[in-house]
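> Quick one, what's the 3D model for this:
(one chain, ligands or ions: 2)
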Amino acid sequence: MITLAIAGKPNSGKSTFFKASTLIDVEIAPYPFTTVSPNVGITHVRTKCVCKELLGEFCGNCVRGERFIPVELIDVAGLVKDAHKGRGLGNEFLDNLRRAESIIHVVDASGSTDADGNIVNIGSHDPVEDVAFFEEEIRMWVFGIIQRNWRKVQRRIELEGAKAERLLTEQLAGVGITETQMKAALSKTMKTANGDVKNWDDDALKTLATHVVEESKKMLIAANKMDIAPKEFLERLKALDRIVIPCSAEMELALRTAAKNNIIKYLAGDSDFEIIADVTNAQRAALERMRRLLREFGSSGVQECINRAVFDLLDHIVVYPVEDENKLCDSVGRTLPDAFLMKRGSTARDLAFAVHTEIGQSFLYAVDARTKRRLSADYALKNNDVIKIVHTR
Ligand SMILES: Nc1nc2c(ncn2[C@@H]2O[C@H](COP(=O)(O)OP(=O)(O)O)[C@@H](O)[C@H]2O)c(=O)[nH]1
Ligand SMILES: [Mg+2]
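Numbers count the residues shown, from 1 in each chain. Ligands and ions are numbered 1, 2, ... in the order given. Sure thing, here's the model as predicted:
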């Protein structure tokens, strides 16, 4: 399963974001696995299910045509200034970041928390500063690990002729980077750094750290507290060369809680809701205030953060494996039972392995359920493909 981390300074709204995204209505997921541990939970990406298009009716595994696919979410402890020097940065923090393929950086766009996360008046702290500071902390953390191991890496390149990408991937196991990502980071660094890898100085290693972070921890910015944020702050954040999504974790939490309690009809990511219970005047006023915000911003932004992290930052697509290419069901007749998130570029064989190792090992060919055409093992999957896998066992 894909793992996303929510990180940022204290009081930016990380835990609220976590609670909101992992609070799941039984409509979306009728199984009780929403919270794995206090700070690890299950959230979902939302996508249009292919059932209506292909079968003319809803499949029963989506909510009126909206498909929710699980993704793991980690609420990482607050990152404070100079954390990389050991201040407030415990092992748990590092372990959480290591596991995440992508980071949703929750920024307090209202400017009501200072650099260390203390509460101040709205608009008195510039959230743009938090972005640079956070990225610098992550970069310095990675640089510290590279620097600590550098002598060893140099020696092994010299004595054993070992490949830099392999050695560095091993040394950076605590960061969580693949050899392919490391190779990309090294080749980007080579464009600006002088000389041979084994002679690189601290400046070159800092550049390497920057590229390591870029390759292995794709980030987007959740400009949180949009409900109280000065417009100017939101605009300045949006002008950054990053994916910036205005959001209100608190509003999303309120809406999902109301939906769970059957007060409103609302699906995560919706741009509106319907009140379906008797509510007090105070409740109605609060709900109408939220409706205005939803209309103004298009949504609460929380679902969009999850979706864009998975589909844009991590470049994943949705693929539906089926056993019957005509009825689009599995062996017990469940229609479109599974939706898999696969990295773009994954093949039909990769999908077979994702379904089950044995199915991957005994893969013969695949069938495109739309065209009924045979697909070879190295067929590159497309978004919303419905695929039957034919195997020997
Ligand atoms: N106005 C507003 N307040 C929020 C929002 N999200 C979180 N907060 C508030 O910000 C404070 C810190 O939230 P919390 O989730 O504990 O932050 P964390 O320290 O980053 O985990 C709490 O008082 C929240 O109610 C939001 O979208 N809008
Ligand atoms: Mg928290």
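
> Would you map the strands across the stretch 201-350 of the chain?
Using DSSP state E, counting those that start in this stretch, the strands of the stretch 201-350 of the chain run over 218-224, 244-246, 264-265, 274-275, 316-322, 340-343.

> Now mean neighbour count, mean pLDDT and distance to ligand 2 too, for those strands, in a markdown table please.
For every residue, glycine as well, the C-beta is placed using N, CA and C. Below are the strands of the stretch 201-350 of the chain laid out as a markdown table (neighbours: other C-beta atoms under 10 Å; pLDDT from 0 to 100; distance: least, C-beta to the ion, whole Å):
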| stretch | mean neighbour count | mean pLDDT | distance to ligand 2 |
| --- | --- | --- | --- |
| strand 218-224 | 24 | 97 | 12 |
| strand 244-246 | 24 | 98 | 19 |
| strand 264-265 | 20 | 96 | 26 |
| strand 274-275 | 12 | 98 | 31 |
| strand 316-322 | 22 | 98 | 27 |
| strand 340-343 | 17 | 98 | 27 |
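
> Contact partners for C59?
By C-beta atoms under 8 Å, 6 or more residues apart in numbering, the residues touching C59 are C49, C51, L328, T335, L336.

> Among the residues you listed, name the buried ones.
Among the contacts of C59, those scoring as buried are C49, C51, L328, T335, L336 (criterion: 16 or more other C-beta atoms under 10 Å).

> can you tell me the helix or strand for the residue nearest to the last one when sequence neighbours are not counted?
Closest residue in space to L336, ignoring its immediate chain neighbours: C59 at 4.4 Å, by C-beta to C-beta, 6 or more residues apart in numbering. For C59, there is no enclosing helix or strand under DSSP states H and E.

> So for C59, what's the pLDDT?
Predicted confidence (pLDDT) for C59: 95.

> Indicate which one of the strands of the stretch 201-350 of the chain is closest to ligand 1.
strand 218-224 (5.1 Å; C-beta to the nearest ligand atom).

> Please put the alpha-carbon coordinates of the closest one into PDB.
These are the backbone C-alpha positions of strand 218-224, laid out as PDB (Å, rounded to 0.1, in the frame of the first residue of the first chain):
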ATOM      1  CA  LYS A 218       7.800  14.100  -3.100                       C
ATOM      2  CA  MET A 219       6.100  17.000  -1.300                       C
ATOM      3  CA  LEU A 220       3.000  19.100  -1.600                       C
ATOM      4  CA  ILE A 221       1.700  21.900   0.500                       C
ATOM      5  CA  ALA A 222      -1.600  21.800   2.300                       C
ATOM      6  CA  ALA A 223      -2.300  25.400   3.000                       C
ATOM      7  CA  ASN A 224      -4.400  24.700   6.000                       C
END
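
> which residues of this structure fall in helices?
Using DSSP state H, the helices found in the chain span residues 14-22, 51-55, 91-99, 127-160, 164-171, 179-190, 202-216, 231-238, 249-260, 281-297, 302-308, 348-355, 357-361.

> The fourth one near ligand 1 at all?
No: contact check for helix 127-160 against ligand 1, using C-beta under 6 Å from any ligand atom: none in range, with a minimum separation of 11.6 Å.

> Out of the helices and strands in the chain, which is least certain?
strand 35-37 (a mean of 64; mean pLDDT, DSSP states H and E).

> show me where pLDDT drops low in this protein?
Scanning the chain for pLDDT under 70 picks out 30-36, 83-84, 86-92.

> give the contact list for the residue of it found nearest ligand 2.
Nearest to ligand 2, among the residues of the chain, is S15, at 3.3 Å (C-beta to the ion). Applying C-beta under 8 Å, 6+ apart, one finds that S15 lies in contact with D75.

> repeat that for 10 Å
I6, P38, N39, D75, A77, G78, V106, A249, L253 (C-beta atoms under 10 Å, 6 or more residues apart in numbering).

> again, but for S37
The contact partners of S37, by C-beta under 10 Å, 6+ apart, come to I74.

> what does D330 give?
Contact analysis of D330 by C-beta under 10 Å, 6+ apart lists P321, V322, E323, D324, L336, P337, D338.

> Any idea what the fourth one is bridged to?
It stands for D324. Beta bridges link D324 to C329, judged by DSSP bridges.

> count of residues packed around it?
By other C-beta atoms under 10 Å, the residues close to D324 number 13.

> In the stretch 51-200 of the chain, what residue comes closest to ligand 1?
Per C-beta to the nearest ligand atom, G78 is where the stretch 51-200 of the chain lies closest to ligand 1, at 5.4 Å.

> how about that residue, phi and psi?
Torsion angles at G78 (phi, psi; degrees, to the nearest 10) stand at phi -60, psi 140.

> Much appreciated, bye for now.
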